[in-house]
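*Asks:* Got a predicted structure here, sequence first:
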2 protein chains.
Amino acid sequence: MDALTPHEITALFLALGLLLATARGLGELAQRYNLPSVLGEISAGILWGPTIFGALAPDWHTFLFPRTGGGALAFDGLTTLAIVLFLLVAGMEVDLSTVWRQGKTALWVALAGMLLPFSLGFAAAWWTPGLVGYQAPAPPLPFALFMATALSISALPIIAKILMDLNIYRSDLGVTIIAAAVFNDLLGWLVFAVILGMIGAGHGMPLEHTLWITLAFTAAMLTIIPWCLHRVLPWIQAHTTWPGGVLGFALSVCLVSAAFTEWIGIHAIFGSFLAGVALGHSSHLRERTRATIDQFVSFIFAPLFFASIGLKVNFVENFNVLLTLTILILALSGKVIGSALGGRAGGLTRRDSIGVGFGMSAQGTMGIILGVLALQLELISNEVFVSLVVMALITSLVSGPALQRILHLKKPRRFIDFLQPQGFITCLEATDRWEAIRELSRNIAPYAGLDVGVVSAAVLSRERLMATGIGEGVAVPHARLPGLMTPIVAIGLSPTGIEFDAPDGSPSHIVCLILTPHNDNGAQLEILADIATTFKKPQLRDKTLTVNGFTEFLALVRSGEPT
Amino acid sequence: MDALTPHEITALFLALGLLLATARGLGELAQRYNLPSVLGEISAGILWGPTIFGALAPDWHTFLFPRTGGGALAFDGLTTLAIVLFLLVAGMEVDLSTVWRQGKTALWVALAGMLLPFSLGFAAAWWTPGLVGYQAPAPPLPFALFMATALSISALPIIAKILMDLNIYRSDLGVTIIAAAVFNDLLGWLVFAVILGMIGAGHGMPLEHTLWITLAFTAAMLTIIPWCLHRVLPWIQAHTTWPGGVLGFALSVCLVSAAFTEWIGIHAIFGSFLAGVALGHSSHLRERTRATIDQFVSFIFAPLFFASIGLKVNFVENFNVLLTLTILILALSGKVIGSALGGRAGGLTRRDSIGVGFGMSAQGTMGIILGVLALQLELISNEVFVSLVVMALITSLVSGPALQRILHLKKPRRFIDFLQPQGFITCLEATDRWEAIRELSRNIAPYAGLDVGVVSAAVLSRERLMATGIGEGVAVPHARLPGLMTPIVAIGLSPTGIEFDAPDGSPSHIVCLILTPHNDNGAQLEILADIATTFKKPQLRDKTLTVNGFTEFLALVRSGEPT
């Protein structure tokens, strides 16, 4: 029985560990600067791949990331499983009913948003193949179809993520964008299935068979199968260990469905995506089960897959500026203009249409997945692959900020974003509210570049108007100050409690001092509301009083759950 | 770059999907009969392996579970990753501080419980090798040491599971057993590391190097590393996305640690187990993060690994009754008697000592993992492997029930275990409590084999003594009946509400009728308490009123969380 050697196991686990740590780390760094984490994850792969690590230490690189042998095959199996599971999660995010609800507009957006970049891509690849990187002996028609698909497919998971970040995932506009992206992706995958069939990557099954089986399977997975699953899931939850029964069932359905689509000649990810849509449709799939699958896959498997993209080729050697620019312009202009025109035709206002255009423009994940497959099948060259990855990254980068600007959206502000280590006091010396306000003011005034007297005077005079104890042991003394550029929060804990005249008569153990700029009307209310919501949980309040410092407090609030 | 072919990917995913579904299904079935789920999981492998499926359909078997080529290597990589992750979870269950707390007694139990079966096993394998299945050309000394280790190592995860099931995980006796099992396993792994070094499975590193590095690494992972992790974890939680930062960090530590131990010549699982102990020690690792890792690993990866055990050999062809009995008797008697003697020496009572003996006797998982490695290294024959697996299964089967009987323990009873489909009414017709009691009695009296009049009269007379509304919309009319063999519960929902004179004055929407045998004093109180605890959650109460039938209700209570 073939098995990995200890040497191969050592290299595999070390490679996985290093890749995961780097991918997560750079992913976090990207998010810190409001960039999609996928950017950091791919960069981790570029770092460990032939581009940098491979050029600096070729021997070590060959040990850690062998290109042949058992280690390479096991790594390939793992990353294939990773992307299959990621597509399951992406599918589960699709809400089938919203697709029907915003159907008409979404259909317009999807069709126009697909047709324009598809036509542009196809025309360029057919009449001027050299311009978009065609290299013999790739078959010209499949190549042109592939480029057209890669330029017109959207990135459902990235789009969902951006809309959630902007808090418009459940708004009418958000639903329209998501529904259009679903149509778009389904169409894109179907075209891709046709291409795979054309180049005989489908086990030699005749193309029309692949096509019909694909259509029948897709139809079943969107109609009958969700209906069946919705009936089976409660039975499984009623009669098996929770959540093991449901988890095992969902994963089994995903794997068998993936094997089926791989067998009929289209890629396994198509099957797992549809399995995700079918499973996610059932309201019986509990939030907790979704979260468990989602967290493990999004934070472990997805980073590993996206990092593995960076390992594939040398991104410096194969970077072609002209090619990348051409692909980027075709993709971005085609998708934005096409989707916006579709939005107008579907009855949206001018501004919403442009918003929809940019909302649909993120082409991250799906385009890259197609690119990996096309590279393996030698349909595209390394240069085109690199251009597609860069295009995917840039369109994903542009989408969020553009949408935010066009729709005048703001991210909800959290109080912890304005809390500095200096502003956190684990044990207040003060015994009454006036002293507490002075103590907190002393700590943060220097940091705010303000005079201690000015700060405490403003807060004290506000406090005199009306006491700021809001009950359950929390007080929120605050003031708006001229000359302040950004909100500042300071928090002091008082184990003995300080009287802040709370409506429930309890003394305050958590005192949050809030300073906001004089001309920013929203900031104060937003931060007050956030503090009230956060400390509503009794367990969190109790646990807050036991923290040993700023970092532990931040960890507590971020994880939203006591140890 | 080597990659799996579509043919191999199809087989791999289909095999994984079928194996997972069968393993989970049979695992559930085993639990239904109070057997450890690992029994069902291994059976799934035997079903799909050469023993049954391979004998019935050899061609299909070769397609699904190839023994050579890319598919076999990818499958091996995945199951190796699975067991590495499972050992991470097992390690996280170990509470280092309890080990120190019950130190003295536990040390006695661990040493005596290890020494006796080890000596028995070594003596048998050294002086009568044929009796325990020795086959040339395995080196005699490593073989004898291996058999001694396999007979003396315990099964930490199974023991923890049994103690949790019996609700004595945190009792003094439970902590003693767990602490002893931890010592025992650490010792066992160290001996195993020595054996691996002896037969040169450790990359040719000199044996004494392996030994010293192992000891130093173990010491570091139990002292300095947990201390560092405890300081790093809050920082990660404070400054990264939750729970992605912690999840990625924990998995990276596990993988790198696994690669390290594989490199120094002992197996990767040793590293991930110690990484689990080090990570689990920190109270900053939130319950939610543990649960996410635990659920995904225990319900997806562990079943896959244990099922893969059944795939290894033909269990019918290689089953040797005499050999299996010899190994079983040596393992069980040595472990039970040794641990019990250790318990007496450590100051336990006679009964507690025997309890500890049987508590330590479960030798499931660890013994099998050793067996898989020994089989791969050709240290043992297929026959010995099968005997070890059967021994592991039987000792795991015996442990729980024996412990329960010796310590006179009872599993807490849940009301849903006594609720039948016939006894669940989604919409009561009754409008007052007397009618409601009669309606519910009519539904279950036939099922209980009792006269409707007798049942309702008993419950009504109890109700007249004092109304049974317990507030928050729940009422629990009940009676103890002569002639009843087992408790019976019926539940009726009333959307309009029925007056049951609850202390909070609210009408009851959930009416639970409880009938218990006349001579069973505990049953009524236990079931009443369970109902009160269950319906304390407001979300669960609200959601209960919207269920469409018995199955949905059961699913809701089992998962403990509303959709």
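*Replies:* Right, received. Where do you want to start? A quick note: this is a predicted structure, and the numbers were derived from the prediction, not measured.

*Asks:* From here on, just use CA atoms for contacts and neighbour counts.
*Replies:* Fine.

*Asks:* Now do the contacts for the residue of the stretch 301-450 of chain A found nearest chain B.
*Replies:* Nearest residue of the stretch 301-450 of chain A to chain B (CA to the nearest CA) works out as A:Gln376 at 8.2 Å. Under the criterion of CA atoms under 8 Å, 6 or more residues apart in numbering or on different chains, A:Gln376 has no contact partners.

*Asks:* How much space separates A:Leu111 from chain B?
*Replies:* Per CA to the nearest CA, to the nearest Å, A:Leu111 is found 31 Å from chain B.

*Asks:* Name the helix or strand for that residue, please.
*Replies:* Secondary structure assigned from DSSP states H and E places A:Leu111 in helix A:103-127.

*Asks:* same deal with A:Ile266?
*Replies:* Under DSSP H and E, no helix or strand contains A:Ile266.

*Asks:* Could you pull up the mean pLDDT of the helix holding A:Leu111?
*Replies:* Mean pLDDT, helix A:103-127: 90.

*Asks:* Which one of the residues in the stretch 201-350 of chain A is closest to chain B?
*Replies:* Chain B sits closest to A:Ala238 of the stretch 201-350 of chain A, with a gap of 3.7 Å, by CA to the nearest CA.

*Asks:* For chain A, which helix or strand comes out least confident on mean pLDDT?
*Replies:* Between all helices and strands in chain A, the lowest mean by mean pLDDT, DSSP states H and E belongs to helix A:96-101, at a mean of 72.

*Asks:* Please report how far the residue nearest the centre of chain A lies from A:Ala523.
*Replies:* Taking CA atoms, centre = their mean, the centroid of chain A lies closest to A:Lys161, which sits 4.1 Å from it. Distance of A:Lys161 to A:Ala523, given as CA to CA, to the nearest Å: 25 Å.

*Asks:* Where do the strands of chain A begin and end?
*Replies:* Using DSSP state E, the strands found in chain A span residues A:419-425, A:469-471, A:474-475, A:478-481, A:488-498, A:508-517.

*Asks:* Make CSV out of those and add mean pLDDT.
*Replies:* Output for the strands of chain A, formatted as CSV (pLDDT from 0 to 100):
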stretch, mean pLDDT
strand A:419-425, 85
strand A:469-471, 86
strand A:474-475, 90
strand A:478-481, 88
strand A:488-498, 89
strand A:508-517, 90
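
*Asks:* who wins for proximity to chain B among those?
*Replies:* Closest approach to chain B among the strands of chain A (CA to the nearest CA): strand A:419-425, 11.7 Å.

*Asks:* The closest residue to chain B within the stretch 451-563 of chain A: neighbour count?
*Replies:* Residue of the stretch 451-563 of chain A nearest chain B, by CA to the nearest CA: A:Ala555 (3.8 Å). Using other CA atoms under 10 Å in any protein chain shown, A:Ala555 is surrounded by 23 other residues.

*Asks:* Touching, A:Ala125 and A:Phe143? I think so.
*Replies:* Yes. Look at A:Ala125 against A:Phe143 with CA atoms under 8 Å: they come within range, at 7.4 Å.

*Asks:* can you list residues touching both of those two?
*Replies:* Shared contacts of A:Ala125 and A:Phe143 (CA under 8 Å, 6+ apart): A:Tyr134.

*Asks:* nearest residue to A:Asp95 other than its sequence neighbours?
*Replies:* A:His281 (6.2 Å; CA to CA, 6 or more residues apart in numbering or on different chains).

*Asks:* now do A:Val389
*Replies:* Counting by CA to CA, 6+ apart, the residue nearest A:Val389 is A:Ile368, at 5.8 Å.

*Asks:* Tell me the confidence at the one you found?
*Replies:* 78.

*Asks:* need the contact list for it.
*Replies:* A:Leu388, A:Val389, A:Ala392.

*Asks:* how many neighbours does the first one have?
*Replies:* The one in question is A:Leu388. Neighbourhood size, A:Leu388 [other CA under 10 Å]: 27.

*Asks:* what does the last one give?
*Replies:* Residue neighbour count, defined by other CA under 10 Å, stands at 28 for A:Ala392.

*Asks:* What parts of the stretch 251-400 of chain A come near chain B?
*Replies:* Contact residues, the stretch 251-400 of chain A versus chain B (CA under 8 Å from any CA of the partner chain): A:251-256, A:258-260, A:262-263, A:268, A:283-287, A:292-293, A:295-296, A:298-300.

*Asks:* Make a PyMOL selection of the buried ones in these.
*Replies:* Those of those that count as buried under 16 or more other CA atoms under 10 Å in any protein chain shown are selected in PyMOL with:
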select buried, chain A and resi 251+252+253+254+255+256+258+259+260+262+263+268+284+285+286+292+293+295+296+298+299+300
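
*Asks:* Select from the residues of the stretch 251-400 of chain A next to chain B every entry located in helices.
*Replies:* Among those, the residues falling in helices (DSSP state H) are A:251-256, A:258-260, A:262-263, A:268, A:287, A:292-293, A:295-296.
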